[in-house]
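Colleague: structure of the sequence below:
(chains A and B)
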Amino acid sequence: MTPALDSLDPEWAWSPFVPDEETPWTRRLAAHLCRRAGFAADSAQLDHLVRRTPAEAVRELVAAQEPEEFRREMSDLARGTIAPGDVGQLSAWWVYRMLATPQPLLEKATLFWHGHFATSAAKVDDAELMLGQNELLRRYALGDFAALVQAISRDPAMLLWLDSATNRKAHPNENYARELMELFCLGEGNYTEADVRELARCFTGWEIKLKRFRFNRFQHDGGVKTILGQTGPFGGEEGVRLVLAQDACPRFLVRKLIQFFLFDEPPPPERLVEPLARQLRETNLNVAPVLERMLSSRLFFSSSVLARRVRSPVEFAVGMLRALEATTNAFDLARGLEDLGQRLFYPPNVKGWDGGRTWINSSTLLARANLARRLLHHEKTRFAGGTLSALLERHGCTRGPEAVAWFEELLLAIPLPAEVKQHLARQIDSAAASQRETRLREAVHLLTTQPEFQLA
Amino acid sequence: MSWRAVWCVWIGLGWGAGGALLPGAEPTAADLLPPGVVAYAEITDPPRLLSLVLDHPLRQRLERLEEYQAALRRKETLAALGVLEYVEARLGMTWRQAVEKLTVRGIAAAVDLPTKGAALLIRAESEATLLTLRDELMSLGREEARNKGRKDPFRQHDYRGQTVYQVDKGGFATVGDWLVIVNNGELGQAILDRLLDGSGESLSSQPRFAEARRTKPPEAAVWLWADVASLREQSTRDGKPFGKQTDNPVAELLVGSLLDVFQHTPWLTATLRLSPQEVALTWRTPFLRDWISEPRQYSVAPADAQTSVAPPEIDGLLVSLGSYRDLAALWLRAADLYPENVVDKLAEADSNLTTLFAGKDFGEDVLGALGPVIQIVAAEQTFASDQTAPAIKLPAFAVLFTLRDPELSRRELRRTFQSLIGFINIAGAMNGQPQLELDMSSGEGFDLVTAHFVPPANRDPQAPLPIQFNFSPTVGFAGSRFILSSTEGLARQLAAAPTRPPGESPAAVNTSLHLNFGVLRRILAANQSHLITQNMLQEGHTREEAERQVSLGLAILDHLLDFSLQLLHTESSCELELRLRLRDAP
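Modeller: Residues are numbered from 1 along each chain as shown, chains lettered A, B, ... in the order given. Purely as a prediction, here's the structure:
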């Protein structure tokens, strides 16, 4: 039985997970870690991680760097993708990157910030600016939150999205100032309308010219402002610093990180948030140490977190493909995510995707099943460069029960009912040699339609 | 590859059973087929055809490619090759030798309308060869059936003393060195009767076939005939008469006249010619100018017309499409050619275009000012430097017309072009797009009105320009020629190109298309990085895989020289010729 989060001792919750006889460090737990700290691990990655301690495994995931060659290649690919000027193609590039990245936590964190600083190409309508913001989010994804907020405040895509390009001293536009406090740093109830008005004055004269940030001193209001109890002739940068200095800031951020990486609901109790918020403040709003503590904690490997998140469309599709070492047509994959309600670069509004239970309804559930089928049977889908049967053979899974057990360990956070497993195994074993590949893909498809698969 | 698949391949290649040889003159396949045949194809010398394909230097060059070698190493390929090796061992010869021995005296295929059956007639080197191969292949077929727990796939019957083998719904039999395979018993009997009796009415005596047969060129590697008159009658009886109309304006423009031809022509032939240097396919039907209905006269030049659809002589020509089409006549006759819904849309377009051309009637005045020959041209585009090159380098393209009255039309067209550029600038400015700058220039015997995109003043010189910078819209006037081009460079080349004398390309050439693979390869190579990007995203490939696949595509293009298509209307025939020429070995 899962203990109530309210009753959890924060000290116990955030102390490092140490495997014991009752909860040993297994491939299944390593798979859980990889689903949350990325999109999913393949079999070889699980083998690699279980040879380390949980703490070492998490440290490795957090500290991993993308090889320079990969970064350069993805950058070239991105430039090539946006060359025709079609912003819609960028989402294909990003899913390709998610499938190929050797540093999945960095990519997952970038996805987190994309939902946090939700900016939609529907309004920005410029592939170069959207790509620029995506690269900015990735640069700071596991780093200094304060630097990220300063950078995003000058990001052309963000300024176009929240109308800062028209923020002049005669008519300050309050959009960015409001969202900076409400959605990006503090949360509702931690600022007043007067703070919004005064902070907006700080950002006057922050403009976009020829797709670049420009400070127009003639349109900047250099007068004295009073923001969050502080008074002075603040500019935009100082305004951001004042917001980040609020006690509410690390608490707000930790709450969002917990909801994205640990569990959708209920909202994390304050007593669980507080120790991490303290740590975040002590590390000057550096995200990586807090994330490392969260991912290596007792709470993370407990039943309060296991299978306590609904897979987002990206986690659903990219996770399935990564676990099975699969590659596919990135354009079709990106289009499929759109059908499931997560069109990358096009969050629905300034609050981003609501996530959690809202990902699932009768229509998206059907769309999930259809997308999984399309991907599994897509002519461009290859598993480790070949067929699914060859992949299973390489991993020594020649019979149905072995194949099902292998799929279950890689793909599912909680075990399947025995009768489902037996049914799948029978389906695989009853196939003629010429039908084996199709039958295996159908088995994976059936598995992805199970309620268990919708949970991460 | 399963035994069954191998058997299926080989079923067309030979079995035999003892049978009587015909006395007297040797029959042809057409002598053995009933007169109700409506489609007939023959390969007179299959070993030569096989040799042209398999011994061609291009094949050896393709086999040296890494992609080909990788395909050979695939598990499925190795398995198939293993099966083939086993079959060859059982036959005691290579598969190629077996095919050559079995088909050396020709292959013919036919579709018979009364029986709705299809037949394949193959003539082998000798009866003995047929028997040997038949025994081995039937034995392989039976072996496979036994291994899969199935019953003997061949049921044996006797027909007039001949052994006939039934397989599923079809069957086969041999008489001497003839192998007959059919999917319909009635048709099989008709063929065997002619083989055994050596007489009877046959396809050879069918007048439409006989007439077409006389036009068969001796060098034809494959020759095909279709009885269009019978098919048309049958189609009418079935309540699905041959279409007289298309609701696709582009299809009407391209092949409208052929719809008229098919309302009248008695037959159609296709001839495939092969040589080490080229592959040519010619479709031919009889033709009478009267067959072209009045509304479609726009698409066929009068016999005495002095027109030329030959491609212009310019550097870097990628594609040229020249065609005789009187657009004004087509536009004004639209109501006779298209269904109501299309006519309504064209009327709407006519109204909008009349507005664009300052109140001039689009059909009468604008299209009426143009001569009846259209040339569409695409060519490689060169850029001064990488700094002025867009990220994706598109070919330039242009449309050429002859003006009926150049003095009258020039000013109108120039003014319309300037208005159009102004409109594009206003629309572009509202969307933050680069602006076009108008200019004028001239050369020896021509004038150009050009428009160039202005690069942003403070752009990063290292950053590639947007895709719009492939375009510098231009109109040119050179004598009676009017050029509408996507770039100034191409317009300049076309305006300066020598005018072809009308007699150079006979008026019989109605449409001429030419594609240069060398130029296509250069354009693709210039966009290689973009092709690799698209390949990675579409195929899910790594960069190395994508590079390999794109290089393979370019390597294949290295072996191709050009492709051409010509539609000819002579006084007695209508011909469509497609020709692919290969590049000499490097």
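Colleague: in chain B, where's the longest helix?
Modeller: For chain B, the longest helix by residue count, based on DSSP state H, is helix B:406-430.
Colleague: pLDDT on that helix, on average?
Modeller: Mean per-residue pLDDT for helix B:406-430: 90.
Colleague: other residues contacting that helix?
Modeller: Under the criterion C-beta atoms under 8 Å, 6 or more residues apart in numbering or on different chains, residues B:356-358, B:360, B:366, B:369, B:403, B:433-436, B:438, B:449, B:451, B:473, B:475, B:477, B:479-480, B:482, B:484 lie in contact with helix B:406-430. C-betas here are computed from N, CA, C, even on glycine.
Colleague: buried residues in that helix?
Modeller: With burial defined by 16 or more other C-beta atoms under 10 Å in any protein chain shown, the residues of helix B:406-430 counted as buried are B:406, B:409-410, B:413, B:416-417, B:421, B:425.
Colleague: identify the residue nearest the closest residue to chain B within the stretch 251-400 of chain A in space, chain neighbours excluded?
Modeller: Per C-beta to the nearest C-beta, A:Thr327 is where the stretch 251-400 of chain A lies closest to chain B, at 3.3 Å. Distance criterion C-beta to C-beta, 6 or more residues apart in numbering or on different chains; nearest residue to A:Thr327, sequence neighbours excluded, is B:Gly540 at 3.3 Å.
Colleague: only the buried subset of the contacts of helix B:406-430, as a ChimeraX command please.
Modeller: Restricted to buried positions by 16+ other C-beta under 10 Å, the ChimeraX selection for the contacts of helix B:406-430 reads:
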select /B:357,360,366,369,403,434,436,449,451,473,475,477,482,484
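Colleague: in strands, which of the contacts of helix B:406-430 fall?
Modeller: Secondary structure from DSSP state E places B:436, B:438, B:449, B:451, B:475, B:477, B:482, B:484 of those in strands.
Colleague: with only the CA atoms kept, save the helix or strand containing A:Ser91 in PDB.
Modeller: Applying DSSP states H and E as the criterion places A:Ser91 in helix A:90-100. These are the backbone C-alpha positions of helix A:90-100, laid out as PDB (Å, rounded to 0.1, in the frame of the first residue of the first chain):
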ATOM      1  CA  LEU A  90      11.200  21.600 -36.500                       C
ATOM      2  CA  SER A  91       9.200  19.200 -34.400                       C
ATOM      3  CA  ALA A  92      10.400  16.400 -36.600                       C
ATOM      4  CA  TRP A  93      14.000  17.500 -35.900                       C
ATOM      5  CA  TRP A  94      13.300  17.500 -32.200                       C
ATOM      6  CA  VAL A  95      11.900  14.000 -32.000                       C
ATOM      7  CA  TYR A  96      14.800  12.800 -34.100                       C
ATOM      8  CA  ARG A  97      17.100  14.400 -31.500                       C
ATOM      9  CA  MET A  98      15.100  12.800 -28.700                       C
ATOM     10  CA  LEU A  99      15.500   9.400 -30.300                       C
ATOM     11  CA  ALA A 100      19.200   9.800 -31.000                       C
END
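Colleague: contacts for the helix or strand following that helix next, please.
Modeller: Scanning forward in sequence from helix A:90-100 by DSSP H and E, the next helix or strand is helix A:104-116. Here helix A:104-116 makes contact (C-beta under 8 Å, 6+ apart) with A:34, A:37-39, A:61-62, A:64, A:66, A:97-98, A:101, A:134, A:137-138, A:140-142, A:148, A:183-184, A:256-257, A:260-261, A:287, A:291, A:314, A:322, A:344-345, A:347, A:352-353, A:355.
Colleague: outside of the helix or strand following helix A:104-116, which residues touch it?
Modeller: Of the helices and strands lying after helix A:104-116 in sequence (DSSP H and E), the nearest is helix A:121-124. Helix A:121-124 is contacted from outside by A:87-88, A:90, A:127, A:130, A:157, A:160-161, A:345-346, using C-beta under 8 Å, 6+ apart.
Colleague: who in the stretch 1-150 of chain A is up against chain B?
Modeller: Neighbours of chain B within the stretch 1-150 of chain A, by C-beta under 8 Å from any C-beta of the partner chain: A:73, A:76-77, A:79-81, A:83-85, A:89, A:92-93, A:96, A:99-100.
Colleague: one more time with 10 Å, if that's ok
Modeller: By the rule C-beta under 10 Å from any C-beta of the partner chain, the part of the stretch 1-150 of chain A lying against chain B is A:69, A:73, A:76-86, A:89, A:92-93, A:95-96, A:99-100, A:125-126, A:128.
Colleague: filter these down to the buried ones and hand me the ChimeraX line.
Modeller: Selection of buried members from those for ChimeraX, criterion 16+ other C-beta under 10 Å:
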select /A:73,77,78,79,80,81,82,83,89,92,93,95,96,99,100,126,128
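Colleague: off-centre distance for stretch A:243-261?
Modeller: Centroid separation for stretch A:243-261 versus its chain: 16 Å, with C-alpha atoms, centre = their mean, to the nearest Å.
Colleague: ok, for A:Leu371, nearest residue in space, not its chain neighbours?
Modeller: Leaving aside its sequence neighbours, A:Leu371 sits nearest to A:Gly336 (C-beta to C-beta, 6+ apart; 4.0 Å).
Colleague: ditto for B:Tyr159
Modeller: B:Leu192 (6.1 Å).
Colleague: hmm, which of the contacts of helix A:121-124 is lowest in pLDDT?
Modeller: Within the contacts of helix A:121-124, lowest confidence goes to A:Gly88 (85).
Colleague: can you flag the buried ones in the contacts of helix A:104-116?
Modeller: Among the contacts of helix A:104-116, the ones that count as buried by 16+ other C-beta under 10 Å are A:34, A:37-39, A:61-62, A:66, A:97-98, A:101, A:134, A:137-138, A:140-142, A:148, A:183-184, A:256-257, A:260-261, A:287, A:291, A:314, A:322, A:344-345, A:347, A:352-353, A:355.
Colleague: hang on, the earlier thing: and the helix or strand hosting the residue nearest to B:Tyr159, what does it pack onto?
Modeller: Per DSSP H and E, B:Leu192 falls inside helix B:185-197. When contacts are defined as 3 or more C-beta pairs under 10 Å, 6 or more residues apart in numbering or on different chains; DSSP states H and E, helix B:185-197 packs onto helix B:29-32, strand B:107-112, strand B:117-123, strand B:155-159, strand B:162-167, strand B:170-175, strand B:178-182.
Colleague: make CSV out of those and add mean neighbour count.
Modeller: Output for those, formatted as CSV (neighbours: other C-beta atoms under 10 Å in any protein chain shown):
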stretch, mean neighbour count
helix B:29-32, 23
strand B:107-112, 22
strand B:117-123, 22
strand B:155-159, 12
strand B:162-167, 18
strand B:170-175, 23
strand B:178-182, 25
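Colleague: flag the shaky bits of the stretch 251-400 of chain B, pLDDT-wise.
Modeller: Within the stretch 251-400 of chain B, the segments meeting pLDDT under 70 span B:306, B:386-387.
Colleague: what residues does it have near chain A?
Modeller: Within the stretch 251-400 of chain B, the positions near chain A by C-beta under 10 Å from any C-beta are B:390-392.
Colleague: nearest to chain A, of the residues you listed?
Modeller: B:Ala391 (3.8 Å).
Colleague: pretty sure the closest one contacts B:Ser529?
Modeller: Yes: counting by C-beta atoms under 10 Å, B:Ala391 sits close enough to B:Ser529 to count as a contact (8.8 Å).
Colleague: can I get the ones in strands among the contacts of helix B:406-430 in a markdown table with distance to B:Gln549 and pLDDT?
Modeller: A markdown table is the format used below for the ones in strands among the contacts of helix B:406-430 (distance: C-beta to C-beta, whole Å; pLDDT from 0 to 100):
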| residue | distance to B:Gln549 | pLDDT |
| --- | --- | --- |
| B:Leu436 | 38 | 94 |
| B:Leu438 | 43 | 95 |
| B:Val449 | 43 | 97 |
| B:Ala451 | 38 | 96 |
| B:Val475 | 40 | 97 |
| B:Phe477 | 45 | 96 |
| B:Phe482 | 42 | 96 |
| B:Leu484 | 37 | 97 |
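Colleague: and the gap between the closest residue in space to B:Lys116 that isn't next to it in sequence and B:Leu113?
Modeller: Closest residue to B:Lys116 apart from its sequence neighbours, by C-beta to C-beta, 6+ apart: B:Asn184 at 6.8 Å. B:Asn184 is 12 Å from B:Leu113, where distance means C-beta to C-beta, to the nearest Å.
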